[in-house]
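S.K.: Starting from these lines, generate the structure:
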Amino acid sequence: MDISGKVLIEILKKNLLFGRWEGYRWNDTEIEANSWFKVKKTCTIFRRETSFCEFLSDSGCLMNYKIDGFHKKFSCKIIDTSSGLVVAEVKKKVTNSGVVLGDDVLTLEVEPNIDHSLIMGLVLVYSLMNRSI
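M.R.: Numbering: from 1, shown residues only. Modelled structure (predicted):
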């Protein structure tokens, strides 16, 4: 939801066994027919989670992102697979004196010109996949 309470994204779990999630963008009063992004959980190696996302941009381009992180520490990076650049990073919030503020206090850093609602949707799916919400 945005600050006025309007729904922005609806997230649905599509495959119970293999962990596939789809995000749908909302218009003013209804959900769009086609999925906006799809996330698939691919592997778990040494408690490191890797998931892949297909995102259809407004211009019609298909973009791919990789969500790479550790779910016990709840830190993750969202990486653009075409360029290899980190477009967003989630980590626990730490004060200037080095005190960690808690498991539920996080910092989200997003690069410029990246859709913030997409990144929030991907972070929500990542936390739902790892049962951390």
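
S.K.: Okay, strands next: where are they in the protein?
M.R.: Assigned by DSSP state E, the chain shows strands spanning 9-15, 20-25, 37-45, 48-56, 62-70, 75-80, 86-92, 106-110.

S.K.: In JSON lines: those strands, plus distance to Met1.
M.R.: To be clear about C-beta, it is placed using only N, CA and C from the backbone, and glycine gets the same treatment. Below are the strands of the chain laid out as JSON lines (distance: least, C-beta to C-beta, whole Å):
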{"stretch": "strand 9-15", "distance to Met1": "9"}
{"stretch": "strand 20-25", "distance to Met1": "13"}
{"stretch": "strand 37-45", "distance to Met1": "18"}
{"stretch": "strand 48-56", "distance to Met1": "20"}
{"stretch": "strand 62-70", "distance to Met1": "22"}
{"stretch": "strand 75-80", "distance to Met1": "21"}
{"stretch": "strand 86-92", "distance to Met1": "19"}
{"stretch": "strand 106-110", "distance to Met1": "16"}
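
S.K.: Going by mean pLDDT, which of those comes out lowest?
M.R.: Of all the strands of the chain, mean pLDDT reaches its minimum on strand 48-56 (a mean of 65).

S.K.: Dump the strands of the chain into a markdown table; add mean neighbour count as well.
M.R.: Listed next are the strands of the chain as a markdown table, based on neighbours: other C-beta atoms under 10 Å:
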| stretch | mean neighbour count |
| --- | --- |
| strand 9-15 | 14 |
| strand 20-25 | 20 |
| strand 37-45 | 16 |
| strand 48-56 | 17 |
| strand 62-70 | 17 |
| strand 75-80 | 19 |
| strand 86-92 | 18 |
| strand 106-110 | 14 |
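
S.K.: Nearest approach to Asn130 belongs to which of those?
M.R.: strand 48-56 (6.3 Å; C-beta to C-beta).

S.K.: Contacts only, for Trp26.
M.R.: By C-beta atoms under 8 Å, 6 or more residues apart in numbering, the contact list for Trp26 reads 6-10, 32.

S.K.: quick one: it and Thr107, what's the gap?
M.R.: 27 Å (C-beta to C-beta, to the nearest Å).
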